[in-house]
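**Q** Only the shape, not the letters, is given here:
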């Protein structure tokens, strides 16, 4: 009897609780943290690019972490020309950590409108 309880009832109870919490929105994404690694000397140039990336990823807010398609998000982030590598990490219960390694900028041009271009 105790074996059935330990093998069947407890795991089913855990799954039921997780399912219930997921249905109530407990695991819905509400915090997206973007960390730019090794951006020494590039912060001024990267700031508007990170802001644009944050705006793009913001569309995933409210989606359950269980249902997030991390491959799709990774593909979207990698599509940015300034991104060398990206790593996505779910932080339970409702946070996504986006670690971005930017491409190394060797030379910047100042455009006529004052913006910077690599």
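**A** Looks like it came in fine. In this text, all values refer to a predicted model and were calculated from it rather than measured experimentally.
**Q** where do the helices sit along this structure?
**A** Taking DSSP state H, the helices of the chain run over residues 2-4, 10-23, 43-57, 70-78.
**Q** tilt between the longest one and helix 70-78?
**A** This means helix 43-57. Put simply, helix 43-57 runs at 140 degrees to helix 70-78, going by axes from the mean of the first three to the mean of the last three C-alpha atoms, to 10 degrees.
**Q** Ok, the second one next?
**A** Angular relation of helix 10-23 and helix 70-78 on a 0 to 180 degree scale: 40 degrees, by the same axes, to 10 degrees.
**Q** could you give me the average pLDDT of helix 10-23?
**A** In this model, helix 10-23 has an average pLDDT of 84.
**Q** Any buried residues in that helix, and which?
**A** In terms of neighbour count (16 or more other C-beta atoms under 10 Å), helix 10-23 has its buried residues at residue 22. Glycine gets a C-beta too; all of them are placed from N, C-alpha and C.
**Q** now it, how far from the centre of its chain.
**A** The gap between where helix 10-23 is centred and where its chain is centred comes out at 25 Å by C-alpha atoms, centre = their mean, to the nearest Å.
**Q** same check, this time on the last one
**A** Between the mean C-alpha location of helix 70-78 and the chain-wide mean there is a distance of 9 Å, by C-alpha atoms, centre = their mean.
**Q** residue contacts, the closest residue to residue 97 other than its chain neighbours?
**A** Beyond its immediate neighbours in the sequence, the residue positioned closest to residue 97 (C-beta to C-beta, 6 or more residues apart in numbering) is residue 89, lying 4.3 Å away. With contact set as C-beta atoms under 8 Å, 6 or more residues apart in numbering, residue 89 has these partners: 96-97, 99.
**Q** Try it again at 10 Å.
**A** Applying C-beta atoms under 10 Å, 6 or more residues apart in numbering, we find residue 89 in contact with 33, 35, 70, 95-99.
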